[in-house]
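Build me a model:
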Amino acid sequence: MGIHEVFQGKLSVSALEEGVGGVSLGRNTDFRKLANAASPLSILTVFSLGPLSLNCDVNQEFPVDAANRPRIILSDDHPALLAEAALILRQNYELVGTASNGLELLDCARRLNPDLLVLDIAMPGLDGFEATRRLRLAGRQCKIVFLTVWEDADFVREALQLGANAYVVKARMATDLLPAISEALANRQFISPTLQL
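Numbers count the residues shown, from 1 in each chain. Next up is the predicted model:
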């Protein structure tokens, strides 16, 4: 079951913000309708009903309201974080795919040709740093925003040396992710302000 299936109601969500009625979702809930509700949607607990296996062909799960929005792929091995980040990104960007590890990310980037990648550092199979190295060696020029728990200055320096445009700590995702993406797309650098370099 892929994280893109969150948007088809195939993951169970135990609690939602009151603005959407505070209901629990099950297999048959149309999550897309709730995600488009007027009130902000906040997933408090998400658990998978089966093994996680993502694929990248998710254009239909992430509808786009306006043409010419930057195309983004999101990669992280935690389904709840993918779902939360997807809700943030859908405000302003076309989310064309998700991946749960670096190998899937490489495949998504090759097939979907995004403008920007949002990726974690620590992922199974192939970490975010190695995936970035391979993307650059393959000539991919998309912008890169790392979204990670690592607050170590050495990690930030390595990310920037690899050609990353932004480095956001997950604890500040709600406040820093959209500004980081805006800066990256404008060819400027962004680092979460809580980090000391």
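
What ranges in this protein fall below the confidence cut-off?
1-67 (pLDDT under 70).

do that again at 90, thanks
Along the chain, the parts satisfying pLDDT under 90 run over 1-68, 91, 195-197.

What are the contacting residues of the longest helix anywhere in it?
Longest helix in the chain by number of residues (criterion: DSSP state H): helix 173-185. Residues outside helix 173-185 that contact it (CB atoms under 8 Å, 6 or more residues apart in numbering): 70, 72, 81, 84-85, 88-89, 91-93, 115-116, 118, 143-145, 147, 165-169, 189-190, 192-193. Placement of C-beta: from N, CA and C, glycine included.

ok, of these, which come out buried?
Among the contacts of helix 173-185, the ones that count as buried by 16 or more other CB atoms under 10 Å are 70, 72, 81, 84-85, 88-89, 93, 115-116, 118, 143-145, 147, 165-169, 190, 192.

among the contacts of helix 173-185, which are in strands?
72, 116, 118, 143-145, 147, 166-169, 190 (DSSP state E).

could those go into a markdown table alongside distance to residue 131?
Below are those laid out as a markdown table (distance: CB to CB, whole Å):
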| residue | distance to residue 131 |
| --- | --- |
| 72 | 15 |
| 116 | 14 |
| 118 | 12 |
| 143 | 14 |
| 144 | 9 |
| 145 | 13 |
| 147 | 13 |
| 166 | 16 |
| 167 | 15 |
| 168 | 17 |
| 169 | 19 |
| 190 | 20 |
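
Between these, which sits nearest residue 159?
Relative to residue 159, the closest of those is residue 167; by CB to CB it sits at 5.2 Å.

hang on, that closest one packs against residue 197?
No: look at residue 167 against residue 197 with CB atoms under 8 Å: they stay out of range, at 9.7 Å.

what is the orientation angle of the longest helix of the chain with strand 143-148?
Orientation check (axes from the mean of the first three to the mean of the last three CA atoms, to 10 degrees): helix 173-185 against strand 143-148 gives 160 degrees.

now the end-to-end length of stretch 148-155.
10 Å (CA to CA, to the nearest Å).

Buried residues in it, which are they?
Buried residues in stretch 148-155 (16+ other CB under 10 Å): 148, 150-151, 155.

just stretch 158-165 next, same as before
For stretch 158-165, by 16+ other CB under 10 Å, it's 158-160, 162, 164-165.

Run through who's touching it.
Stretch 158-165 is contacted from outside by 121, 129, 132-133, 136, 143-146, 167, 180, 183-184, 187-190, using CB under 8 Å, 6+ apart.

go again using 7 Å as the cut-off
129, 132-133, 136, 143-146, 167, 184, 189 (CB atoms under 7 Å, 6 or more residues apart in numbering).

Quick check: the two most widely separated of those?
The most widely separated members of the contacts of stretch 158-165, counting by CB to CB, are 133 and 189 (18.9 Å).
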